[in-house]
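Engineer: what would the 3D arrangement of this be:
(chains A and B)
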Amino acid sequence: MTNIALKTTTSTLILSVLFCTSAAFAQDIPSKEDMWKMILQQQEQIKKLEKIIGINNDKISQTEQKISENEQKVEAAGAALDQVMSSGGQPATAIGGYTELHYNGGQADLIDLHRFVIFLSHEYNDKIRFFSEFEVEHAIAGEGQVGEVEMEQAFVEMDLSENHRTSIGLQLIPIGILNETHEPPTFYGVERNNVEKNIIPSTWWEAGVKLSGNLTQSLRYDLMMHSGLDTTGHAYNIRSGRQKVGLAPWKNTAFTARAIWQAAPGIKIAGSFQYQSDITQSSNADENAAATLFEIHTDINRAVSEKGSIGFRALFAQWNVKSVSAESLGRNKQRGWFVEPSYKISLDDERAIGFFARYSHWDNEAGDNIDSSYRQTAFGVNYWPHKNVVLKLDYQLDNFANIPKEDNRVNLGIGVQF
Amino acid sequence: MINFYVTIIFTLLLLSPSSLSAGAAASHTEYQKTGDYISAAFAGQPAVQGILWITRDIKPGVTKILQRKNFPLRYRYHRMGNRTVWILNEIGKVMPITTGITIEEDKIIDLTVLTYRESHGSEIRFPAYSNQYNAVQLNKNLRLSKAINGISGATLSTNAMKKVSRLALYLHNKLLEKDVPTTEK
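Structural biologist: Sure, this is the predicted structure:
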């Protein structure tokens, strides 16, 4: 009975607790009005978030636009700087040059800013170019001074086709090794070799028209019609006959032809022939002095190891002058030749040292039996601290028929090109 | 007699411009157009065109090769896989020479002079000279792996060719290094 009473009481209590809990839960459920209010609040929140996202999207878009603008600005700035800083943006007008300072020991015992040269060129388009070379010799020029101011080149070059071109104006004669290429870092010895100086005579320029081109990949030609020498008053001395295109008489035209065979890279063999109907520029047929010049040379420079290269230059040149007067002076034949072996060692990217020896023989009065020749042995060293800067030292041993002219001496030089 | 020669000179003067215009359709000192060279280098396949900026880590090498401080801030290239093409300009004596260089696997597979503007030394454009660069690489000192023989009378032009070949190899190597920032365009 007691158990039954206890069970009844317990059940009653449990039911009472359950009833009270359900009533409390039912009271926590939001009403429909509350639910609607909450939905409205959440929609408001979503709108705010959407607004924020929209603002961010605008900012991203603006940033992208700025990045794009900045890229364009960087591109424009880079292109402008490239124009200034790269050779590709090289202006059509270009400048270059070279200079050389010499000390001659022995009896000469003098120092001389032998040459200062400025190149000025202009490219009109891919087919037409202008080249000029302005030179000051011996530092000081003017009335009674030792030096000269000269125009050595001033010509227009025009391409006729891929392999042929013409040049018109004042230009270097296509003869010899040094006449066209004589920047100090390109040759051995302080002074230019005496054979080309006295026989060809380098540096020699005239006014005229030149046709040049490549017949094959290894064969090149030059044909030039130009003003000539005038040895009047110089006893047929070829070097003194250069008129330098300064109010120069042009009664007799000269013709020069050259063929160059580039046997392989670093091996060149070339020959030139020149004819001038009268090197006295005389209109009197009885005094004509027709002259021919024949010249042949080789210029070899071949690598024999990663750092070493051998060089060899040799040249022969001879003038024949058809004139009784020239013959009486022995100047109907003027000839010379030289050989010059060398060895060059590259020290690094820019520095190099080279050793050479040269034997030269020339005679401007070779037409008679009287010994009037000049023989010279020279040897020395070139040191290039940079490919375009050279320091030179050489020693010359003279063996001249005219002994008082001999001057065995040391020569020092510095030369640059740019 | 002199009048005859003068007549010839002026005839040549007059004929020269007409010859030029008659041959204007052909390339003259521009031996090959840049676009044609690039197209041939990739056998007509489209290559990626890009720009390599000369950043701080690349600059010393470019300075060492060109031996000067003034050079472009960036170099344009064309690339397909490990093959790149560079069109570079470098002054010979006084005028710039435009050269196309194709490199693959760190070796030059072609060097072609596209435009030559100097008055002497155009022989560098012929295969007898340019073929010397085939298979040439860059060694650790940024020098070419093989001695190149020059052209007599064109020392400065041959020096320019050596520079652009070294530069192209250097830029190619830097481009293929992953950490070098590049931009494609």
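
Engineer: so where's chain B uncertain?
Structural biologist: B:1-29, B:178-185 (pLDDT under 70).

Engineer: just the strands from it, written as ranges.
Structural biologist: B:48-53, B:74-80, B:83-91, B:96-104, B:107-115, B:182-184 (DSSP state E).

Engineer: chain center to the first one, what's the gap?
Structural biologist: A distance of 17 Å separates the centroid of the chain from that of strand B:48-53, by CA atoms, centre = their mean, to the nearest Å.

Engineer: could you figure out how far that strand is turned away from strand B:83-91?
Structural biologist: Going by axes from the mean of the first three to the mean of the last three CA atoms, to 10 degrees, strand B:48-53 is angled at 50 degrees with respect to strand B:83-91.

Engineer: state the distance from the residue of the stretch 301-418 of chain A found nearest chain B to A:F312.
Structural biologist: Ranked by CB to the nearest CB, the top residue of the stretch 301-418 of chain A for proximity to chain B is A:A303, at 3.5 Å. From N, CA and C alone the C-beta is placed, and that goes for glycine too. Here A:A303 is placed at a distance of 13 Å from A:F312 (CB to CB, to the nearest Å).

Engineer: pick out whichever of those two has more residues nearby.
Structural biologist: A:A303 (19 against 16; other CB atoms under 10 Å in any protein chain shown).

Engineer: isn't the more buried one up against A:G266?
Structural biologist: Yes - counting by CB atoms under 8 Å, A:A303 touches A:G266, with 7.4 Å between them.

Engineer: name the residues contacting each of those two.
Structural biologist: With contacts taken as CB atoms under 8 Å, 6 or more residues apart in numbering or on different chains, the residues that reach both A:A303 and A:G266 are A:309, B:149.

Engineer: can you give me the buried ones in stretch A:351-363?
Structural biologist: For stretch A:351-363, a neighbour-count test (16 or more other CB atoms under 10 Å in any protein chain shown) marks A:352, A:354, A:356, A:358-363 as buried.

Engineer: cool, stretch A:179-197 as well?
Structural biologist: Going by neighbour count (16+ other CB under 10 Å), the buried part of stretch A:179-197 is A:179-197.

Engineer: and what of stretch A:147-160?
Structural biologist: Applying 16+ other CB under 10 Å to stretch A:147-160 flags A:147, A:150, A:152-160 as buried.

Engineer: do the same with stretch A:105-124
Structural biologist: Buried-residue list, stretch A:105-124, by 16+ other CB under 10 Å: A:112, A:114-117, A:119-123.

Engineer: chain B: helices as residue ranges?
Structural biologist: B:2-22, B:34-41, B:59-66, B:127-130, B:155-176 (DSSP state H).

Engineer: do the fourth one and chain A meet?
Structural biologist: Yes - among the residues of helix B:127-130, B:127-129 lie within reach of chain A under CB under 8 Å from any CB of the partner chain.

Engineer: and A:S277, what does it touch?
Structural biologist: A:252-253, A:288, A:290.

Engineer: mind running it again at 6 Å?
Structural biologist: A:252, A:290 (CB atoms under 6 Å, 6 or more residues apart in numbering or on different chains).

Engineer: any idea how far A:N402 is from it?
Structural biologist: Separation of A:S277 from A:N402 (CB to CB): 32 Å.

Engineer: which of the strands of chain B sits most buried?
Structural biologist: Highest mean neighbour count among the strands of chain B (mean count of other CB atoms under 10 Å in any protein chain shown): strand B:96-104, with a mean of 24.

Engineer: within its sheet, name the partner strands of that strand and how each one runs.
Structural biologist: Strand B:96-104 sits in its sheet next to strand B:83-91 (antiparallel), strand B:107-115 (antiparallel), going by DSSP bridges.

Engineer: run the chain-centre distance for the last one.
Structural biologist: In other words, strand B:107-115. Taking CA atoms, centre = their mean, the mean C-alpha location of strand B:107-115 is offset from the chain mean by 7 Å.

Engineer: so that strand versus helix B:34-41, what angle?
Structural biologist: Relative orientation of strand B:107-115 and helix B:34-41, computed by the same axes, to 10 degrees: 160 degrees.

Engineer: what lies in contact with strand B:107-115?
Structural biologist: Here strand B:107-115 makes contact (CB under 6 Å, 6+ apart) with B:29-30, B:32, B:98-102, B:124-125, B:130, B:133, B:135-137, B:165.

Engineer: repeat the analysis, applying 8 Å as the threshold.
Structural biologist: A:126, B:29-34, B:37, B:41, B:83, B:87, B:97-103, B:122, B:124-125, B:130, B:133-137, B:161, B:165, B:168-169.

Engineer: again, but for the first one
Structural biologist: Identification of contacts with strand B:83-91 by CB under 8 Å, 6+ apart yields A:86-88, A:90, A:94, B:34, B:37-38, B:41-42, B:47, B:66, B:75-79, B:96-104, B:109, B:114, B:160-161, B:163-164, B:167-168, B:171-172, B:175.

Engineer: report the angle between it and helix B:155-176.
Structural biologist: 140 degrees.

Engineer: outline the domain layout of chain A.
Structural biologist: For chain A, automatic domain parsing gives the domain ranges A:2-72, A:94-417.

Engineer: now do the same contact list for residue 97.
Structural biologist: The chain I'm using is chain A. A:116-119, A:417-418.

Engineer: chain B is the one I meant
Structural biologist: Shown in contact with B:I97 (CB under 8 Å, 6+ apart): B:89-91, B:113, B:115-118, B:124, B:157, B:160-161, B:164.

Engineer: show me the contacts for A:G78.
Structural biologist: By CB under 8 Å, 6+ apart, the contact list for A:G78 reads B:73-74.

Engineer: tell me the pLDDT at it?
Structural biologist: On the pLDDT scale, A:G78 is placed at 73.

Engineer: for the spatially closest residue to B:K163 that is not a sequence neighbour, which residues count as its bridge partners?
Structural biologist: Among residues not flanking B:K163 along the chain, B:E90 sits closest, at 5.4 Å (CB to CB, 6 or more residues apart in numbering or on different chains). Here B:E90 shows beta-bridge partners B:I97, assigned using DSSP bridges.

Engineer: one more: A:T292?
Structural biologist: Under the criterion DSSP bridges, A:T292 forms beta bridges with A:Y275, A:N320.

Engineer: count of neighbours near it?
Structural biologist: Neighbour number of A:T292 under other CB under 10 Å is 13.

Engineer: how close does it sit to A:D363?
Structural biologist: Applying CB to CB to A:T292 and A:D363 gives a distance of 17 Å.

Engineer: flag every residue of the stretch 101-250 of chain A that's near chain B.
Structural biologist: Taking CB under 8 Å from any CB as the measure of proximity, the stretch 101-250 of chain A contacts chain B at A:119, A:121, A:123, A:126-129, A:131, A:157-162, A:166-168, A:177, A:180-181, A:185-186, A:208-209, A:214, A:217-218, A:220, A:225, A:250.
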